[in-house]
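# sequence first, predicted model second:
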Amino acid sequence: MGGQDDYAFLHPEHGDDVGTYLHQPAINRYTGKSGVALQKKQNGECIYLNENGCSIYERSPWTCRIFDCRQLSIDAVAKGLVPIEVVRAGRERLGG
């Protein structure tokens with residue numbers, strides 16, 4: 001996920017086990033509702049993003065599984081926010 005106001009919210013009603021993730025309270029900027037989201041690094045990146053891509057891909061939360069981040073990745077690389085190697089590692093994990 002991208003900016004400081006963007007969060008990967010956890011949804012127990014869709015099977016996310018909040019206690020198995022590093023998480024933080026957050027306000028949904030679209031709905032104004034409070035919830036729980038994946039923790040973020042100081043730079044705003046997801047705590048689970050590393051040089052090889054998503055470190056919890058196999059157990060990613062519902063929001064991450066339904067969100068198509070390909071365009072977001074392209075934009076982030078173009079702006080110099082994410083190294084192209086991270087995007088390539090993600091493609092490799094997906095077999096593409």
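In hand now; what should we look at?
# what's downstream of the worst-scoring helix or strand of the chain on mean pLDDT, the next helix or strand?
For the chain, using mean pLDDT, DSSP states H and E, the weakest element among its helices and strands is helix 70-78, scoring a mean of 74. Taking DSSP states H and E as the definition, the helix or strand that follows helix 70-78 towards the C-terminus is helix 84-94.
# now that next one: average pLDDT?
Mean pLDDT, taken over the full extent of helix 84-94, equals 77.
# buried residues in it?
Residues of helix 84-94 classed as buried by neighbour count (16 or more other Cβ atoms under 10 Å): 86, 87, 89, 90. Where C-beta positions appear, they are placed from N, C-alpha and C, glycine not excepted.
# so for the second one, what's the nearest residue that isn't a sequence neighbour?
In this case it means residue 87. Leaving out its chain neighbours, the residue that sits closest to residue 87 by Cβ to Cβ, 6 or more residues apart in numbering is residue 73, at 4.9 Å.
# repeat for the first one
When the adjacent residues along the chain are set aside, residue 86 lies closest to residue 53, with 5.6 Å between them (Cβ to Cβ, 6+ apart).
# what's the burial count for residue 10?
Look at residue 10: counted by other Cβ atoms under 10 Å, it has 22 neighbours.
# surely it is in contact with residue 21?
Yes - with contact taken as Cβ atoms under 8 Å, residue 10 and residue 21 are classed as touching, separated by 6.4 Å.
# now the common contact residues for these two.
Overlap of the contact sets of residue 10 and residue 21 (by Cβ atoms under 8 Å, 6 or more residues apart in numbering) consists of 38, 61.
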